[in-house]
Every structure is written in structure tokens, then in C-alpha cells.
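K.L.:
coords below, sequence missing:
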């Protein structure tokens, strides 16, 4: 390991690695551990530029007996998981969650000071934070490759590291912690790391609730307590009790786009699970409060409510406990399909908040502020953030499913064919029906199973309290009628109105987004329907897959600018919902930099953003890291609101237009127009085997035939990441930058954009980080093993050449000799992992070849080994799709 890597991180990697080595030796013998060590030594020296060692590594791997392939892949996969635990632990301990660049760590106290110096009064800071609405939307995209069973063990391993660090002067305590650590690592080694079946949408939702229970339940009150202390120092007051700058929503169990497994029944079950889990968590809080609030002093309001009793707080809490317990029992009965005959239940946030607030006010009124601001305040903060449902559940469905229902309905009623009407006719019909008082959908209408499912979903919406639900998102939305159709279905089926967000996700849709919203806001009655608040979702993954990363990033920026302008003109509040992935190719990257690189005025105190798959665990899986992640979001949104970045210079916009044009042409020329591209993609990546990896509840493809366009954005990225070519995130950019650098003044203008325009600077930082994770030599090895066709090999060579040109161009703009020169932590994290990832690449290419030779009929062990290589490489690179 690199000598200047922080010592505690190095020590922990060693402790975990040694324990794993002993576990494997106990299971398979020292001889097997020696083989692992030989492989690692070859890989490490190969990384230092020794080509003989690289060849020896490959030879050694190819000669391994078949019975060794699975345990070897498991050993390297397990080590990478342990290295991630050590790094997470280090980041939590030293508050280094997003230091992809030294000196860019946002600190809330410093930001409040800067905002004050810029002329914001202390009062306005409190107000901005009180009204801030950042919603982090947890989604279960099929990216989390690690089983929940193992995540729990890994969290316990992290606790052991904390115990070991805190027991330097207590040898017997250290001994116990080491003993427990060895036990957990042994448990992990003897647990199958690959699920045997895909998780159901309900399993995914349970995983999301587990993150709240194990991490956020603690992190949320801690975060508010820290924020209160800062505001008390800066402004002399706390955050209001009902303020929640950061809240949580979820797609798990609500996202039915392309996922037939998410039905109305599933959504209902997930909503009930949320109610059950919330009640269960609040019961623990209330039991503690009942034990602690034994005081007799109370104000007259509390005494009037509970009567003349010795312990008024306990009396009130006892009544509240009975209701919360009844709520838990009711939810359980509903889940089990039983009748519930218990007492009154808690339906809304306020029914839980009001009695706690009465206790809080009473304690403050009688001078017991210290007690009021203890555990009771923590519970009030939880109620403000989590409500009685833990998260708000969003629903998402494709626009075509709604228009299919309208087509069946208009045909059945004999009034024409909805799918043959033009946009103006559709709008006129929908607006008329929205204003009409008579029902449109006949009571006993016989429709297709697909449309019945859509109707059942709207029935679930109608039966729920609005507090339980978030936004209804329409994917592949293009026209105002897409939004009006959903508004009409809500009115027809139960009368509940949720915010409706069209999702613009192809290049074309992004370019036309502002015009579609402009038309929508001009329609009679529409603004009254939305109460002058419009939400719009920007799709990052599909636009990047559609157009290439650079053209997509610029289209997303321009779309946001024009949406801000349109909504401002109409006097409508706009909330932008960013559908970011975990990887750069799908709009991922450090949150702080990403938010500050949005167009000025687009954040304005409110923001929704998806947190996907394995990123949820990296950012929110442990209380300390979750706390830091919430601080980072708060910092970024506060800064973007109070100290927005400058608008780009007109010349920079022209530069971006031209860069995007060239990059788009370069990307499309390969991905869409080169007849060899899809066969090359299928031959060189593990895309064909990916469908067998039981990652998430969604199918990997929208349709089972066809080219790249039928693949979901996630497996598309996953497949390229596995062979380290990372193609979707950079293809096309090389031509754009090289072309500009060849022209007079090109370098200077690109460097000026980089240093003065956060959008462009962040784009280049993300590109640099991604190029550092890529490795064309590994991609070439996959090609050598898996591609025979000369025309395909020629394409591969061309693609690697384009990557190399881009690397030269990026280093030229950055004025660096090597990638990540100024970001040592990330450079080291990659260098440390490479000797463990390289053998997995070698084995994966070998296993893919055997799998193809056997027409997919390799033994169960080899098939599992192939899946472990995919999980291991994803873990080592810390992202999947």
C-alpha cells in the first residue's frame, strides 16, 4: 500500500485482510492462501509496468483447476468488500465523505459565515433553512450487488473497528473486539454472496426501511442538533420545531416503469409496511420518553388535558403509546389480511406531533428547557422528517400506459380513438373532462388487464392520506396531454391530487421540455389545479445513453435554464427533480459539486434528487456518514440559493454548443450508426450474462430483442464498467476537445471555462475521475479472449485509440502529467484496489469464454464464480450502473 495513505486506514485494511487470510486458511488450507498471495503478487508487479508479470498472472489464472475458480473469485471479492468497509470507516471517522478534491469539503459553519458577510441577515439564514425543501428519493435500481445479510455483517465489522480503535489502553477489550471481528469475517466468508433469487419490490422496500431504522433514525436528530447549535451561535435561535430541511421519499414499491412486478397490491403492501415500521420505531422512542419524563411541574394547558395527576407527562405519553401501538397492530392486521378491532389509530403527522409539542411547550413554560431540548426534541425532529410513514412514496409509470387506457376508454364510449387524435384534440377533450362533474369511466367497464392495473394504482392513491404519497412521475413524457391524462385519472378515480412531474429523458425531450411546460401553464384551469407549483424531472441516465455524456449534460443544463425562465414568467414555483444515477455515465458524482454546477436560480431552496442502489449505502448506510451527507446537501442547496454561481458568458455557451454538437455526432456515429457496434458490445462485455445476476426486481431490458436502445441505462453502464472501458461516459468527448485544442486560443478558453464556470469545471473533474478508473489494457484483454471477428477487433482498436486521445486532451486542459494528480485519496483508493480487481477481470474473461463455448451450460459453480467476478469488480470500482 502507498506509504502516505492515512495510517489508520492502512492499519484497518491490514487487520481485516489478515483476519480474512486466517479464515480462508482454516477453511481451505494454507496452500490455497499461498495461491491467492501468488496471484496478488503477480497483479501488483504487473501494475508496476512489468509485462512479464502481467502475462504470468494470466497464465497462472488459466491453469487454475476448475475447483479453485469459485473460491479464488470469492477471496478477491471478499477482500474488496473489506477494503470498502475500511475506507467507509475512515471517511466517517474523519468526516471525509466527499473529498474528491482536497479543500472542497463543505463546512456548514463556514458557509453561514460567508453568507452573513455577503449581506444575509441572521434572520434570513434561519428562514432559508426553515423553508428549505430538499427531498432525497431512495430508489432501488438494480445496482446494489451486496446482499442485505452481508450488509448487516459489514456494519457489525465497522463497529468492531471502532471498538478496536477505542481500546488501546484496555487490552482485554481489544481482545474481545478482535474475537468478534474474526467471527464476523468467518460468517461473511461462509455466506453465499450472490442471492439465489431476485429481490421482490417488497424486499427492496424493506431494505430501504432498514437504512432508516439502522442509520437515519439516529442521524436525523443528530443532524438537527448540530444545525441548531450552529444557528444558536449565528442567529441566536433554533430551527423551528416543524422545519425539516431534508426529507426522504422513495420509489421502492412505487416505480412501475418497465417493472411488471410492481403492482397496485405491491404498492399498497409497501405503504402498510411503512406505517407498521414507523409505529414500531416511535414506540421505542415513546417508551423511553415515558420512562424519562417523570416530572410533576407542568403548565396549565397540559394539566387541563390530562387532569389532576401526579405525573402529567407520563399520563399523556401513556395515551399516545396506546394509539401508536394500535396503529402498529392495525398495519399488521391489514398486511396479514385480518380484521382489526383495536382502538383509535394515528393517521397523520399532526396527531403524533401535537401531544409531543404539548409536552415540549409545558416543559419550556415551567423552566425545564434542558429537559425539553433533550430526547423529546429528538423525537419531535423525527416526526417532522419521517411523519407517520417514514418516507413519501412516489409513483412512476410510462406515458404510453395512460394513453393506452384512454384509447380503450374513448373506443368503448364510442367517442373516437384517443391514440389517433392530435395533441390539440386530446388537450381539448381532457380539459373539458377535468372541468366536468359527471364521471367519465363507467362503473362496470371491462378493460384490458394492463389498464385495470393502472386503474387499481389510482385507487390505491385515492385510498391513502396525501402525507403517505409523494409525486406521480410520468416517464417518457413529451406533451401537455401526458400530464392532463394523469390529472384526469386522479380526478376520476378517487379525487386525490398529487404533484405530477413529467420526466424528460431523451435529448429531444430535454430540448422541448420548456416549450411543453410553457404550453401546459397556459392552459385554462391548469395552474389552479397545481396551485402554482410545478415539478419537473430531468432524466440523466437515458439522456446520456441516448446522446452521449457531454451532449446530454449540456442539454440537461439548458433544459433547466429554460424551465426556470418559463416558470418565472408564469409566476409558478418550480421544483426540479434530478434523476441522477450512481455513476458518472448516469449523472452521478459528488452531490456538493453537482448541485453548485446547476444553472443559477434552478435550486432556489428546493430540490429533489434520486439516491440510487449502492449509493444509498455509501452515503446513508451508517449514522456518521449519513449525518455528513445531509450536511453536504444542506450546504450545497443553501449556497446555490443564497450565493448562486454566475451565469455562463455568452462565448462559453457557444463553445458548449459546438463541443456538444461534435461529441454527439462522434457518439451517435459509433453507437447508432456503426453496424459492428452492437455485435462488438455483445461479444466483448458480460452483457449477455448480466441478466442472470439477481440484482434488482426490474428486468434488464425493456424488450427482449433489439439493439442498445432496448437495454436499460443501468445494465448498459454496468457492462462497460465490468471491462473497464467506461465507454458511455466519454465517447465523443475526445473528438470535441481535441478539435478545440487544435484551434487558436482553444486551450485558453477551455481553461477559462474550467476555472470560472462550475458546470464545466465539475464536468471535467468527473471525466478525469472516470478516465482514471478506466483501463484500456484490461478492455483489450477481454477483446483478445472473446472477440474473433476481424471487423469487431478493428472497432475495438479504434475505440481504445479514441480513449487515449481523450486522455491526452484532458491532461492538456488540466495542465497535469497524470490523471488525479491533485486528488490523492481517490488515486490511492484506485491503486490499492487494482491488484485485487485485476485477477477478477482475468477470471471473468476466462469464465465468459467457457460459458460461450458451452452455450451457457457451464456448471453451477462456474456460473456462480462468473457472478462473483461481476459483483467483485463492481465492489472494487465502487459503482455498478
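P.N.:
It's in. These numbers were taken from a predicted model, which means no experiment stands behind them.
K.L.:
and the helix or strand harbouring residue 424, which residues are buried?
P.N.:
Here residue 424, judged by DSSP states H and E, is contained in helix 423-435. Neighbour-count burial for helix 423-435, with 16 or more other C-beta atoms under 10 Å as criterion, is recorded at 426, 427, 429, 430, 431, 433, 434. C-beta coordinates here come from the backbone N, C-alpha and C atoms, glycine included.
K.L.:
Need those residues in CSV (columns: distance to residue 458 and pLDDT).
P.N.:
Formatted as CSV, the entries for the buried residues of helix 423-435 read as follows, by distance: C-beta to C-beta, whole Å; pLDDT from 0 to 100:
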residue, distance to residue 458, pLDDT
426, 19, 98
427, 21, 97
429, 19, 97
430, 15, 97
431, 19, 96
433, 15, 96
434, 15, 95
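K.L.:
how about JSON lines for those residues, with distance to residue 476 added?
P.N.:
Formatted as JSON lines, the buried residues of helix 423-435 follow (distance: C-beta to C-beta, whole Å):
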{"residue": "426", "distance to residue 476": "16"}
{"residue": "427", "distance to residue 476": "18"}
{"residue": "429", "distance to residue 476": "21"}
{"residue": "430", "distance to residue 476": "18"}
{"residue": "431", "distance to residue 476": "22"}
{"residue": "433", "distance to residue 476": "23"}
{"residue": "434", "distance to residue 476": "22"}
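K.L.:
Select, from those, the two members most distant in space.
P.N.:
Farthest apart among these by C-beta to C-beta are 426 and 434. That separation is 12.3 Å.
K.L.:
Please identify every residue contacting each of these two.
P.N.:
Here residue 426 and residue 434 have residue 484 as joint contacts, going by C-beta atoms under 8 Å, 6 or more residues apart in numbering.
K.L.:
quick one: average confidence on stretch 278-287?
P.N.:
This predicted structure assigns stretch 278-287 an average pLDDT of 98.
K.L.:
and what of stretch 462-472?
P.N.:
Model confidence over stretch 462-472, given as mean pLDDT, is 95.
K.L.:
try stretch 133-152
P.N.:
Stretch 133-152 carries an average pLDDT of 77.
K.L.:
Ok, stretch 650-665 next?
P.N.:
Here stretch 650-665 scores 97 as its mean pLDDT.
K.L.:
got any ranges where the protein has weak pLDDT?
P.N.:
Regions of the chain meeting the criterion pLDDT under 70 cover residues 1-6, 95-105, 141-146, 581-589, 691-713, 879-881.
K.L.:
just the buried residues of helix 423-435 now: which is nearest residue 852?
P.N.:
residue 426 (48.7 Å).
K.L.:
what residues are up against the residue lying closest to the closest one once chain neighbours are set aside?
P.N.:
Leaving aside its chain neighbours, residue 426 sits nearest to residue 481 (4.0 Å; criterion: C-beta to C-beta, 6 or more residues apart in numbering). Under the criterion of C-beta under 8 Å, 6+ apart, the neighbours of residue 481 are 423, 426, 427, 430.
K.L.:
Three-state assignment for residue 536, please.
P.N.:
Secondary structure assignment for residue 536 (DSSP: H, G, I helix; E, B strand; the rest coil): strand.
K.L.:
how about it, what does it touch?
P.N.:
With contacts defined as C-beta under 8 Å, 6+ apart, residue 536 is in contact with 501, 502, 504, 513, 517, 563, 574, 575, 576, 577.
K.L.:
what about 10 Å?
P.N.:
Neighbouring residues of residue 536 by C-beta atoms under 10 Å, 6 or more residues apart in numbering: 473, 477, 501-504, 513-514, 516-517, 520, 559-560, 563, 566-567, 574-577, 608.
K.L.:
before we move on, what about residue 113?
P.N.:
For residue 113, the residues meeting the contact criterion (C-beta under 10 Å, 6+ apart) are 107, 230, 234.
K.L.:
hmm, which of these are the buried ones?
P.N.:
230, 234.
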